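Novice: Mind folding the following:
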Amino acid sequence: MNSSCNCSIDDFKRSVFPTVYLLIFILGISGHFVSIWVFFSMWKRKRSLTSVNLFMVNLLVSDLMQVCSLPFRASYYLSHSHWPFGTVACRLIGYIFYLNMYGSIYFLVALNIMRYLALVQPYRFMRLQNCCSGPLVCFLIWLFVALASSPLLLTGSKGGAEKCLELVTSNTTVIGNLMLINNASLTVGFLVPLALILWCSTFVILRLLKPAPSRHTVKTSRKKACALVIISMGFFLICFLPYHIMRTLFLYVEWNVAARKGLENSCDFIQGVRKASVLTLCLCTANSCLDPILFFFVGENFRTFFAKLLKRTKSQPDDKKRNQQRAELQVLPSF
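Specialist: Alright, predicted model coming up:
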């Protein structure tokens, strides 16, 4: 995130990035190890996965790719911005970041569409759960995201073999090309998925807010289902919205600095934008360790199977617990 301007934030990056990346790595590896164990156990028992669980598994794989790349990112900043792994690895690490981010976004879109269908069109939901559309959708998402992110393999760091993960060019043409790529990815990779998720979430919440039977278990389940929709939407907005806003502003500022449009003397403003970009990048990266939380709280089958594996269900066999679980399944079919 350097340019011709001397308002460097290298010390800030070296103090923030390694700590955040290593923390996300530890939390992500732990959470995803448990998730892999549960999904593998489910597959071993049933020899198949529903479309929704298949989306979750692909979301897990996408997150794992990002989590496993974080130690390399942390080592770069711990080594005072020295990249010893070569140009190809540098481009690949950057590519994995965008592959994970937009892959996660589109798999979250798929999960939200399935949740919408589960409430509004349950028969279509059941057909999609049991047919072969899941693998095809996953393949198309991976193909689309991989191809759409491929230009980033050709726009790596320009600061030499020992520099990586930062913009180190004063060439307005290069930054201009990055701005065009940013505008396209902002629209297709974030704004369109955001509109779809908002549309699905709104219909789900409206459906859940309709008058329900007076039974306490049903009302409690509807409140929990609404809370889960809001939490999942909150994760999406907190992780991805600030990053896309600041990335757009950051590129605009760097282009003006490189073109000497008058911002070169506004060091406080430039440093503020660069530091905000660092913080929002950390928030975006944190998404890779938050998804297991959604797996646990949103996935009814996930929670039930996880409880059985830990033999906790035996300690709570009472009718009240069974009635509550049954009510939850009626309100929001199992994920």
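
Novice: can we go C-alpha only for contacts and neighbour counts from here?
Specialist: Noted.

Novice: what about Gly134, distance to Asn53?
Specialist: For Gly134, the distance to Asn53 equals 9 Å [C-alpha to C-alpha, to the nearest Å].

Novice: what do you get for Ala74?
Specialist: Ala74 is 32 Å from Asn53, by C-alpha to C-alpha.

Novice: more crowded one of those two?
Specialist: Asn53 (23 against 20; other C-alpha atoms under 10 Å).

Novice: Next up, phi/psi of the more buried one, please.
Specialist: phi -60, psi -30 (degrees, to the nearest 10).

Novice: Pull the contacting residues for Met126.
Specialist: Applying C-alpha atoms under 8 Å, 6 or more residues apart in numbering, we find Met126 in contact with Ala118.

Novice: average pLDDT across stretch 32-41?
Specialist: For stretch 32-41, mean pLDDT is 78.

Novice: quick one: buried residues of that stretch?
Specialist: For stretch 32-41, a neighbour-count test (16 or more other C-alpha atoms under 10 Å) marks 32, 35, 38-39 as buried.

Novice: Looking at the residues you listed, which one is closest to Leu290?
Specialist: Nearest to Leu290 among the buried residues of stretch 32-41 is His32, at 9.8 Å by C-alpha to C-alpha.

Novice: secondary structure element for the closest one?
Specialist: Taking DSSP states H and E as the definition, His32 sits inside helix 10-46.

Novice: Tell me the helices and strands packed up against that helix.
Specialist: Applying 3 or more C-alpha pairs under 8 Å, 6 or more residues apart in numbering; DSSP states H and E, one finds that helix 10-46 contacts helix 51-78, helix 267-298, helix 300-309.

Novice: for these, which one sits closest to Arg45?
Specialist: Using C-alpha to C-alpha, the nearest of the helices and strands packed on helix 10-46 to Arg45 is helix 300-309, at 10.4 Å.

Novice: if we can go back for a sec, out of the helices and strands packed on helix 10-46, indicate the one that is most buried.
Specialist: With neighbours defined as mean count of other C-alpha atoms under 10 Å, the helices and strands packed on helix 10-46 peak in mean count at helix 51-78, which reaches a mean of 21.

Novice: Off-centre distance for it?
Specialist: 9 Å (C-alpha atoms, centre = their mean, to the nearest Å).

Novice: go on, stretch 266-280?
Specialist: The answer for stretch 266-280 is 23 Å, by C-alpha atoms, centre = their mean.

Novice: Per-residue pLDDT of Ser104, please?
Specialist: 90.

Novice: hmm, back to that, tell me the buried residues in the helix holding His32?
Specialist: Quick answer for helix 10-46 (16+ other C-alpha under 10 Å): 13-14, 16-18, 20-22, 24-25, 27-29, 31-32, 35, 38-39, 42.

Novice: Report the angle between that helix and helix 267-298.
Specialist: Relative orientation of helix 10-46 versus helix 267-298 (axes from the mean of the first three to the mean of the last three C-alpha atoms, to 10 degrees): 10 degrees.

Novice: Which positions within stretch 84-104 qualify as buried?
Specialist: Buried residues in stretch 84-104 (16+ other C-alpha under 10 Å): 84, 87, 90-91, 93-104.
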